[in-house]
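Colleague: no sequence on this one, just coordinates:
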């Protein structure tokens, strides 16, 4: 036993001596010019992009490594002259066993705090799509005093493992004509890629900024067999998404208001290819709310509408995001719909299969929107819309049907409009010697229902059959309302059961002009009485 222990100690001592000798001799074993040429030519050949760095040094602890300083990997020329990846230092860790035998072999590439620029063109093509494309090998360049660069013959695989340490990824989507849309950042990107026969496994995490949404990648695989470039590599992975508040992320895409807040969680499965991933899974937003500021509101002018938990089944395929079904609610009422959004060539959204049931309008129109034409009562609505995210009001297109159950007219502008209609109608009937309609002496505030269909084109809402029904009267409305400008043009018919009052309402919704049509009232009289009434009316203008 003592004899065996002696040999074990001798063996360990020999390993220590050899390792120490290798570490002492490391700078000579790793001949700088040869390593620079190997790294520059091998990386450029593998990536299909020019690779350059300013200098190379050798580190011993904690791992033997060749350290590159001021490394840059060029971008696809079609996306500009800036670098695709830029970082201060990159470590090529060396395999110890070959090093002890006097050979240089790389084990792991560590990219420390790299800055990676992802760009998607107006045609949907990514700037990384050409990475790894096959290129004709060229002779290895002679290294200069400023470091390696260029393309040369080298092994197809330099390392068996790549580690991204605290990287920053910027994402930019370019619109046609050189315009830019929302930009996002992934910060704290930690990623590990390990090679296997014909594939690479990957795992890691990142934070989406703005928004501080954490994304974790698990069980990831990149299939490299048969792929002519990184973009064509098959992809499989699991994604876990968690964020305390989606408000900053939504604001980056939609603008500061209306602000949408809530805690996000989701689990997705990713497949497809790197350039065209497909994702499917479930997401949920807990405690969602919508906040906006309105000059029409008394203090506080900034109002928040709380919603019930928002849940959706999500798919992402070739730049198209679909949430179906998407469900939430307001004040005990429910809202379900299908939402589809396409980022390329322009950010458009489609809301279809919209079903609203029992949403209390007073919560929305009075407490949140402070709408002058507000009514209370439960809203049932069906329909669908499409719109451009950059200008949803002016590009809104769609239609559907609505019904408001028993409620009241509570908006100040709606009350004024009804009062003016009754007042003008009463004046006309009095001049013509008719009885005052019951509308003038009965309360029109409470109603039994409001029903009708609607159509939206270019942000202009049109209805031809909106019907307001109360015990005192029926009001039929047909015309247009421009969402962006607030201009209205409506034909209104008030029927109290005995006669009808017709009027035209035009101008700004805040203070519309009202023209009552006396001829409509006169048509209800017998000819002789109508003639006498007209003569009496004309005498008043002499």
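Modeller: Great, that's in hand. From a predicted model like this one, the values you see are computed outputs, not experimental measurements.
Colleague: now do the helices in this structure.
Modeller: With DSSP state H, the ranges of helices along the chain come out as 2-29, 32-47, 96-100, 247-254, 361, 412-431, 518-522, 527-539.
Colleague: what does the fourth one contact?
Modeller: Looking back up the chat, that one is helix 247-254. Among residues not part of helix 247-254, those counted as contacts by CB atoms under 8 Å, 6 or more residues apart in numbering are 182-184, 208-213, 243, 259-262, 347, 389. Heads up, the C-betas are built off the backbone N, CA and C, glycines and all.
Colleague: could you rerun that using 7 Å?
Modeller: Here helix 247-254 makes contact (CB atoms under 7 Å, 6 or more residues apart in numbering) with 182, 184, 208, 210-211, 213, 259-261, 389.
Colleague: out of these, which is nearest to residue 485?
Modeller: Set against residue 485, the nearest of those by CB to CB is residue 389 (20.7 Å).
Colleague: surely the closest one and residue 349 touch.
Modeller: Yes: counting by CB atoms under 7 Å, residue 389 does reach residue 349; the two are 5.8 Å apart.
Colleague: low-confidence ranges, the stretch 201-350 of the chain, go.
Modeller: Under the criterion pLDDT under 70, the flagged ranges of the stretch 201-350 of the chain are 253, 343-346.
Colleague: go with 50
Modeller: For the stretch 201-350 of the chain, no stretch is flagged by pLDDT under 50.
Colleague: what do you get for the stretch 1-150 of the chain?
Modeller: Using pLDDT under 50, the flagged stretches of the stretch 1-150 of the chain are 5, 7-18, 20-21, 24, 134-150.
Colleague: try 80 this time
Modeller: Residues of the stretch 1-150 of the chain that meet the criterion pLDDT under 80 lie in 1-48, 57-66, 93-107, 120-124, 129-150.
Colleague: where's stretch 486-501 relative to the chain centroid, distance-wise?
Modeller: Here the centre of stretch 486-501 is set off from its chain's centre by 42 Å, with CA atoms, centre = their mean, to the nearest Å.
Colleague: would you mark the buried spots in that stretch?
Modeller: Of all the residues in stretch 486-501, those buried under the rule 16 or more other CB atoms under 10 Å are 488-490, 492-496, 499-501.
Colleague: count of neighbours near residue 285?
Modeller: Residue neighbour count, defined by other CB atoms under 10 Å, stands at 22 for residue 285.
Colleague: same deal with residue 203?
Modeller: With neighbours defined by other CB under 10 Å, the count for residue 203 comes to 16.
Colleague: and if you look at the one 4 residues further on?
Modeller: The local packing of residue 207 (other CB under 10 Å) involves 15 other residues.
Colleague: run through the bridge partners of residue 385.
Modeller: Beta-bridge partners for residue 385, by DSSP bridges, are residue 351, residue 398.
Colleague: against residue 398, how distant is it?
Modeller: Separation of residue 385 from residue 398 (CB to CB, to the nearest Å) stands at 3 Å.
Colleague: overlap of the contact sets of the two?
Modeller: Common neighbours of residue 385 and residue 398 (CB under 7 Å, 6+ apart) are residue 456.
Colleague: list the buried ones in stretch 110-128?
Modeller: Buried residues in stretch 110-128, counted by 16+ other CB under 10 Å: 110-112, 114, 116-122, 125-128.
Colleague: these: which two are farthest apart?
Modeller: For the buried residues of stretch 110-128, the maximum inter-member distance is 35.4 Å, found between 110 and 122 (CB to CB).
Colleague: residue 448 and residue 472 touch, don't they?
Modeller: No: using CB under 7 Å as the test, residue 448 is too far from residue 472 to be in contact (10.3 Å).
Colleague: mind checking which of the two has more residues around it?
Modeller: Taking neighbours as other CB under 10 Å, residue 448 and residue 472 compare with residue 472 leading, 19 against 14.
Colleague: domain parsing for the protein?
Modeller: Following automatic domain parsing, the chain resolves into domains at 26-136+156-196, 408-539.
Colleague: and the strands in the stretch 101-250 of the chain?
Modeller: Assigned by DSSP state E, counting those that start in this stretch, the strands in the stretch 101-250 of the chain fall at 106-112, 115-120, 161-174, 180-196, 199-209, 213-223, 234-243.
Colleague: and residue 494, bridged to which residues?
Modeller: Counting by DSSP bridges, residue 494 forms beta bridges with residue 475, residue 501.
Colleague: show me what counts as buried in stretch 237-254.
Modeller: Within stretch 237-254, the residues that count as buried by 16+ other CB under 10 Å are 237, 239, 241, 243, 245-252, 254.
Colleague: that one: how far from the chain's middle?
Modeller: Here stretch 237-254 shows a centroid-to-chain-centroid distance of 9 Å under the convention CA atoms, centre = their mean.
Colleague: likewise stretch 204-212?
Modeller: 15 Å.
Colleague: same deal with stretch 340-358?
Modeller: A distance of 12 Å separates the centroid of the chain from that of stretch 340-358, by CA atoms, centre = their mean.
Colleague: buried residues of it, list them for me.
Modeller: By 16+ other CB under 10 Å, the buried positions in stretch 340-358 come out as 340-344, 347-351, 354, 356.
Colleague: okay, among these, which ones form the most distant pair?
Modeller: Maximum pairwise distance in the buried residues of stretch 340-358, criterion CB to CB, is 30.6 Å, between 344 and 356.
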